[in-house]
Each structure stands twice: as structure tokens, then as C-alpha cells.
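K.L.:
Test case, fold it:
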Amino acid sequence: MREKIDVSAYLVIGPENTCGRPIGDVVAKALAAGFTCVQVRSKECSARELMACMAVAAQAIADAGRTGTVALLVDDRLDVVLAARHAGIAVDGVHVGQSDIPPEACRALLGPDGVVGLSARTDEMLEYVRTMPTGLVDYLGVGPLHETQTKRDCGLDSAGNIITKSFEDIAELARVSPVPFVVGGGVKLADIAPLKAAGADGFFVVSAVCAAADPYAAAKELTDAWSRA
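P.N.:
Just a heads-up that it's a prediction; the model follows:
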């Protein structure tokens, strides 16, 4: 596991999220505003297209002088991470869900210095963190805080409604989690202070930055709010 990973301001981005703007440009603006972690996520891209997205994101991180401090991750596709590393792209690791490739396999293939993130519904996460092996994952992803169009495949109740997470849920996870965790899913500026007060180690956003009219200004508002909280 990496000795320290900063997930305080975590950008999730794919070409379908940027309103036609280049991924590298949006990543660069988020980094300039203080974002600390980037995940490339797309359900539409081929493996080669994902690698191209990772390459431009990695270049934006390098241009900002933050290779090695800002983690670059890919959602779900461990195969693409390994292929990108083989091609010389500076990608740090993978983020998976509990129905994706097991984190044990990710850790075995990425090695001790790779970054492995894991997300799950909060009720499952509470049980998981109480029993998970030491050194397996670097951080946890929790959500959604609110219903969001960018993550329609999260947990549903018996009526088919999306199960959102309360600040009380987040506070309970903060009491038991041995690793940092980041919260997202429709996160808005007004949520930042309550999230930090509940014990979250960071927030993740997609549309709040990627679809904003001014990605830098939107990202800076969020990071400033986190710093003040």
C-alpha cells in the first residue's frame, strides 16, 4: 500500500462527462484548483480509448509537477491499468466495486506500491471494514450522498429507488474504517462542510466540475470549502 494517499478532493472523469471538452484540459484546471486525486471512468470507451484518456490525464498531472503525489486511477479495468503501465503511462492503480475484480487480485497484480480503491454500499462497507485484511486497500469510496445521473448502478431499495447515504451513515463509517474514505454522488458545495464534520477524508465529484461552465472556478469553490471546513 502507498504510505499516504490524498483523497481529499477526488475528480472522476470520462469523455462522456466533459461536455465535449478535452479531458486533459479539465484535469489540468481541477489540479490548478487543488484537486488531489483523479480517476478515469467510462462505460463507453474501448480499452484503447481508455488508455488514451489515461495518457492525457497522466500528462496533465506531469505538467502540473504532481506525478507521484496526485494518484491517477482507473475505474474497474485492471487489465487496462496493466496495459497502460506496460506502455509507460504513469498510472497508479485501480478502483473497483465489490462485484468487480476482487481487491485481493488487484493487490497481487499491482504490487505493494499500487493503489487499490474499493466502493460498496455503506451497510456492506461497515461489515467489510471490520473484517478486511490489513494492507489490502488504500481507501474506500462511499455513496451516493444524493441521487445522481452519473451513477445509476448503485444500490436500490425494494421500490427501485436509489439508496442514498446520510451523514449519520458516514459518521459511523468514520468510527470503524482503518483506511481513508471518500464520499460522492451528487455532492454540492453545501455538502462539503457537513461531510468533513462527519469524518469523511474527502469528496468525489463528476458533473460538479466536469460539466461546469467554468471547471476551474467550480473546482476552486469546492477545494476552498474543504480547506475552510
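
K.L.:
ok, which stretches of this structure are helices?
P.N.:
Using DSSP state H, the helices of the chain run over 23-32, 47-63, 78-86, 103-110, 122-131, 167-176, 192-198, 207-210, 215-228.

K.L.:
dump the residue contacts of Val94.
P.N.:
Applying C-beta atoms under 8 Å, 6 or more residues apart in numbering, we find Val94 in contact with 73-78, 81, 101, 106, 110, 114-117. Every residue, glycine included, has its C-beta placed from N, CA and C.

K.L.:
Same question for Arg77.
P.N.:
With contacts defined as C-beta under 8 Å, 6+ apart, the neighbours of Arg77 are Ala47, Leu50, Val94.

K.L.:
State the distance from it to Met54.
P.N.:
Distance of Arg77 to Met54, computed by C-beta to C-beta, to the nearest Å: 10 Å.

K.L.:
which strands and helices sit next to the lowest-mean-pLDDT helix or strand in the chain?
P.N.:
Using mean pLDDT, DSSP states H and E, the weakest-scoring helix or strand in the chain turns out to be helix 122-131, at a mean of 78. The helices and strands touching helix 122-131, judged by 3 or more C-beta pairs under 8 Å, 6 or more residues apart in numbering; DSSP states H and E, are strand 139-142, helix 167-176.

K.L.:
what comes up buried for that helix?
P.N.:
Judged by neighbour count (16 or more other C-beta atoms under 10 Å), helix 122-131 contains these buried residues: Thr122, Met125, Leu126, Tyr128, Val129.

K.L.:
Looking at those residues, spot the one nearest Glu3.
P.N.:
When these are compared for distance to Glu3 (C-beta to C-beta), Val129 wins out at 19.8 Å.

K.L.:
from memory the closest one sits against Pro178, does it?
P.N.:
Yes: under the criterion of C-beta atoms under 8 Å, Val129 makes contact with Pro178 at 6.6 Å.

K.L.:
Pick the one among the contacts of Val94 closest to Pro22.
P.N.:
Nearest to Pro22 among these: Val74, at 18.0 Å, using C-beta to C-beta.

K.L.:
Could you list everything that closest one pairs with in the sheet?
P.N.:
Beta bridges link Val74 to Val40, Val94 when assigned by DSSP bridges.

K.L.:
contacting residues around it?
P.N.:
Contacts of Val74 were listed using C-beta under 8 Å, 6+ apart, and they are Gln39, Val40, Arg41, Leu50, Met54, Val80, Val81, Ala84, Val91, Gly93, Val94, His95.

K.L.:
Reformat those residues into JSON lines and put pLDDT and distance to Ala171 next to each item.
P.N.:
Compiled in JSON lines, these are given as follows (pLDDT from 0 to 100; distance: C-beta to C-beta, whole Å):
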{"residue": "Gln39", "pLDDT": "98", "distance to Ala171": "25"}
{"residue": "Val40", "pLDDT": "98", "distance to Ala171": "30"}
{"residue": "Arg41", "pLDDT": "97", "distance to Ala171": "27"}
{"residue": "Leu50", "pLDDT": "97", "distance to Ala171": "35"}
{"residue": "Met54", "pLDDT": "98", "distance to Ala171": "35"}
{"residue": "Val80", "pLDDT": "97", "distance to Ala171": "35"}
{"residue": "Val81", "pLDDT": "97", "distance to Ala171": "33"}
{"residue": "Ala84", "pLDDT": "97", "distance to Ala171": "37"}
{"residue": "Val91", "pLDDT": "97", "distance to Ala171": "33"}
{"residue": "Gly93", "pLDDT": "97", "distance to Ala171": "27"}
{"residue": "Val94", "pLDDT": "98", "distance to Ala171": "28"}
{"residue": "His95", "pLDDT": "98", "distance to Ala171": "23"}
